[in-house]
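Novice: need coordinates for the following:
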Amino acid sequence: MLTRTKDAFIYALVVVLTAGMLAFVVGGMLLTSPAVNAATSTFSISGTTSPKAIYKGSGFVVKGTVYSKYRITGLRAGVRTADGKWVSGVNAYAKPAANKYSLSKLDSKIKFGRLSAGTYRYAVWVKNEKGISKYVLSKTFTVSYFSTSNISAPGTLNTGSGFTLRGYVKSKYNIAYMKAGIKTLSGAWKSGHYVIASPNAASYNISKINSRIKFGNLPNGTYYYKIYVRDKYGIGKYVISKKFTVRAAAKTTDSSVPAAGGKCLSYNQSVISAIGAQGPSMCAIYSMAYCRAVIDGHFYRYYYTSSGVKKSYSTYRSRIYNQYGYGSSWAHWSAAKGISTYFTTSGSCYRAALYQINKGRPCILLVHNRYSGNTHYVALIGYRAGTTTSNVKISSFIALDPVYACKKYLYSIYTGGSMRYTNSSVHQLITF
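Specialist: A predicted model of the protein is given here:
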C-alpha cells in the first residue's frame, strides 16, 4: 500500500507485467510505458526480394527467410491491393511449425503474371505459437501496361512512296519517353527517320510525328517500323515492331493498246451484294473487299490465316472492319495484299490503272466526291469503249462503288448535270 504524509510523499514502486507492457504505480498513480515491442523482438526477415515496377504478365522470383523466436504457426506471402485485400491467386499460405521459413517455397504459388495494371503491396505476414502476429514486409510496387489503337504500319512500299502514320499509344501510367520511327535490320535507328518525344501523358497521338518520318526518302531494302515507350516508373517496351519493304515500283504501263470496245473484269454480283455497301468512312476497306472478291472469286465471313488457322466473323462487315481496318475504318492495304502508290499527275495514275485492268487485275482509285467534298475510294474493274492511254481520264472507268455495292460507270453518275466524282488532288492507286 502507498501512503502519503503531511510533509512528504512516500513513494512505492510496484512493477506489474501485463501483456508486454510495463505498468508503474507512482505516488498512487498508475503510469504505463511501452515495453520493447514483442512482435519486433520476436520476428525478423532477411535476404528478401520485392518488386518495384513490373510489366503486366511478368513474373517475379520470391526469396527470403522469415525467423521467429517461437514456432511459426501461420505465414502468408503475396500481393495485397491498396485497400489491404489479398489478391486471389497471387498469395500463398503456409503452416511451417518451425522457427524459420524460406519464402522460396511459395514462389511457384504466387502468380505475379495474373495481376492487372495498377498499384499493389507485396507483403509477408507471420504468426507464432504465442499468438503474436506481424507484417514483417510490406512494399509498394506498380504493374505497368501499354496498348495501341488504330496504329497504321507499312507493308510494302514503292520507292519514293510516302506512308501516313496514325493511331494512339496508351499507358497505365504517364509516358515519360517515346521513340518511334525506322530501324535497319541490324537494329540501328535509321538516321533522320525517327522521333523522340516526352509526352508526360497517358496517351500519345502518333499522327503528331507523321510529317517527320520520311518514308519516301528510304532506299530500297527491308526495315522495321518501331515504337518504343517507357513510363514514369522506368518500364519500357516496344509496342510496335513491323517489318516492311521498300522496292522499285512495278511496271505500271506498257505499249499494249486498250481494247477498242472497252473492258470489264468478270465478277459475281451476288458476292458483291452479300458483302454489301459501306458504312460511314468505310469506302477504302470495302473497296479492298470488292477487289479480293474479283480476284479470288469469293469472299466469305471466315478466312484462313497464313498459319492455316480458320477465323470466323459474325458478319461480312465485321470481317472487313477487323481484318482490313484492324478494328477501325482506316485502310491497311497490305492486309488485302495491296500496294499503295502515289503519282505526280492524274494522267500517270490513270494510265497505271489501265495497265492493271488490262492485266486482269482490279485496283482502287482515290477520287474526289463532289457531293460531300470528301475523298472517296472506288474499286476499278474496267474502262469504257474508246479509252486509250492518251485520252484516259476519270470518266473512262467502270467501278464497283462502295456506296452502291454494284457496278457503276463513273461518267454516268450525274447530279444536276455535274459528274459526282472528279480528280483527287492526291493521285493514289492501290494495286494487287
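
Novice: what are the phi and psi values for Arg384?
Specialist: phi -90, psi 170 (degrees, to the nearest 10).

Novice: now it, nearest residue through space, not along the chain?
Specialist: Of all residues not flanking Arg384 in the chain, Gly262 sits nearest, at 4.6 Å (Cβ to Cβ, 6 or more residues apart in numbering). The way it works is simple: take the backbone N, C-alpha and C, and place the C-beta from them, glycine included.

Novice: that neighbour: neighbouring residues, count only.
Specialist: Residues within reach of Gly262, counting by other Cβ atoms under 10 Å, total 15.

Novice: also Ile320?
Specialist: Residues contacting Ile320 under the criterion other Cβ under 10 Å number 26.

Novice: isn't it right up against Ala284?
Specialist: No - if you go by Cβ atoms under 8 Å, Ile320 and Ala284 don't touch, sitting 10.1 Å apart.

Novice: for the residue nearest to Arg384, phi and psi?
Specialist: The phi and psi torsions at Gly262 (degrees, to the nearest 10) take the values phi 80, psi 180.

Novice: quick check: it vs Phe432, distance?
Specialist: For Gly262, the distance to Phe432 equals 21 Å [Cβ to Cβ, to the nearest Å].

Novice: what does Ser346 give?
Specialist: Here Ser346 is placed at a distance of 21 Å from Phe432 (Cβ to Cβ).

Novice: and what of Tyr303?
Specialist: Tyr303 sits 16 Å away from Phe432, taking Cβ to Cβ as the criterion.

Novice: can you check Leu265 too?
Specialist: Per Cβ to Cβ, Leu265 is found 12 Å from Phe432.

Novice: okay, and the common contacts of the two?
Specialist: Residues touching both Leu265 and Phe432 (Cβ atoms under 8 Å, 6 or more residues apart in numbering): 361-362.

Novice: what ranges do the strands span in the stretch 101-250 of the chain?
Specialist: Under the criterion DSSP state E, counting those that start in this stretch, strands of the stretch 101-250 of the chain are mapped to 118-128, 133-144, 146-149, 156-158, 168-184, 189-197, 201-205, 221-231, 236-247.

Novice: where does pLDDT dip in this structure?
Specialist: 1-40, 250-253, 255, 306, 412-419 (pLDDT under 70).

Novice: what pairs with the spatially most central residue of it across the strands?
Specialist: Centroid-nearest residue in the chain: Thr148, 2.7 Å away (criterion: Cα atoms, centre = their mean). Thr148 has the following beta-bridge partners by DSSP bridges: Val169.

Novice: correct me, but it touches Tyr238?
Specialist: No - counting by Cβ under 8 Å, Thr148 does not reach Tyr238; the two are 10.9 Å apart.

Novice: between the two, what contacts are shared?
Specialist: Ile227.

Novice: coming back round to it: okay, Tyr303 and Phe432: which has more neighbours?
Specialist: Neighbours per residue, other Cβ under 10 Å: of Tyr303 and Phe432, the larger number sits with Phe432, 18 against 15.

Novice: hey, where'd the helices end up in the stretch 301-432 of the chain?
Specialist: Listed in chain order, the helices of the stretch 301-432 of the chain (DSSP state H, counting those that start in this stretch) span residues 316-319, 346-358.

Novice: buried residues, the longest one. List them.
Specialist: Translated: helix 346-358. By neighbour count on 16 or more other Cβ atoms under 10 Å, the buried set for helix 346-358 is 346-347, 349-358.

Novice: quick one: distance of that helix to the chain centre.
Specialist: 37 Å (Cα atoms, centre = their mean, to the nearest Å).

Novice: check which helices and strands that helix sits against.
Specialist: The elements that helix 346-358 packs onto, with contact taken as 3 or more Cβ pairs under 8 Å, 6 or more residues apart in numbering; DSSP states H and E, are strand 339-343, strand 363-369, strand 375-383, strand 427-431.

Novice: neighbours around the nearest residue to Asn128 once chain neighbours are set aside, how many?
Specialist: Once flanking residues are discounted, Asn128 sits nearest to Tyr70: 4.2 Å by Cβ to Cβ, 6+ apart. Residues near Tyr70, counting by other Cβ under 10 Å, number 14.

Novice: now Tyr70: which helix or strand?
Specialist: Counting by DSSP states H and E, the element that carries Tyr70 is strand 65-80.

Novice: so that strand versus strand 118-128, what angle?
Specialist: Orientation check (axes from the mean of the first three to the mean of the last three Cα atoms, to 10 degrees): strand 65-80 against strand 118-128 gives 140 degrees.

Novice: within the sheet, what are the partner strands of whatever helix or strand comes next after strand 65-80, with directions?
Specialist: Next helix or strand after strand 65-80 toward the C-terminus (DSSP H and E): strand 86-94. Paired with strand 86-94 in the same sheet, following DSSP bridges, are strand 65-80 (antiparallel).
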